[in-house]
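Chemist: build me a structure from this.
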Amino acid sequence: MRKIPDTITEQEVSLLIKKAKNKKVKCAIVLMFWQCLRVSEVVNLTKDNVDISRGFLHIKQSKGKKDRDNPIQEESTFYLRYLPIKISRQGIHKAIKRLGIKELDKDIHPHTLRHSGASFYLNERGVDIRFIKDFLGHAKLSTTEIYTHVNPTQLKKAFDNARREPVL
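Modeler: Below you'll find the predicted structure:
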């Protein structure tokens, strides 16, 4: 059985953004959480990939050599001005790891932000997992299911809301 990926909360992501000194690192954090991008997608993103009039980010040649369009999330809009970020994948990895340990006392990685964003959309925003699948660029729903961590409180709430009066 696969281990459920670690996730961090929206509040923890906000703290990382606040504490990051470099605007380009802030941009990377925002794009990996709010847009659920892979670190390689963030590194390759340019202003040419941003279509403000349509409200989409065009992700080119992602994993599996596929292109996709992601709706721009309101929380990301301000940070798109810092594209391209011009930081290597390793540079982003080091910055995220260092911030996670210093500010959250957690060993996090860029992919933690992607997992956390997907879980946030599922649990907090109630986005259908099929839409999250497309947002992440997954071919199979089973892959998305691995990415999304179901919060036990949210699970209980979902079942409490589904409860009906017993039929006698």
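Chemist: in terms of contact, does G137 touch S62 like I think?
Modeler: Yes: contact criterion C-beta atoms under 8 Å: G137 and S62 qualify, at 5.3 Å. Every residue, glycine included, has its C-beta placed from N, CA and C.
Chemist: what is in contact with the two at once?
Modeler: R68 (C-beta atoms under 8 Å, 6 or more residues apart in numbering).
Chemist: ok, these two, which is more surrounded?
Modeler: Taking other C-beta atoms under 10 Å, G137 and S62 do not tie; G137 has more neighbours (20 against 16).
Chemist: so what does the more buried one have for phi and psi?
Modeler: phi 80, psi 30 (degrees, to the nearest 10).
Chemist: do you know how far it is from P152?
Modeler: 28 Å (C-beta to C-beta, to the nearest Å).
Chemist: then I72?
Modeler: 31 Å.
Chemist: give me the contacts around the host helix or strand of I29.
Modeler: Using DSSP states H and E, I29 falls within helix 23-34. Helix 23-34 is touched from outside by 13, 16-17, 20, 37-39, 41-42, 45, 73, 75-76, 79-80, 82-83, 85-87, 92, 95-96, 99, 110, 113-114, 116-117, 120, with contacts defined as C-beta under 8 Å, 6+ apart.
Chemist: at 6 Å what do you get?
Modeler: For helix 23-34, the surrounding residues in contact (C-beta atoms under 6 Å, 6 or more residues apart in numbering) are 13, 16-17, 20, 37, 42, 73, 75-76, 79, 82, 85, 87, 92, 95, 110, 113-114, 117.
Chemist: more neighbours: I72 and P152, which one.
Modeler: Neighbours per residue (other C-beta under 10 Å) separate I72 from P152, with I72 holding more: 18 against 8.
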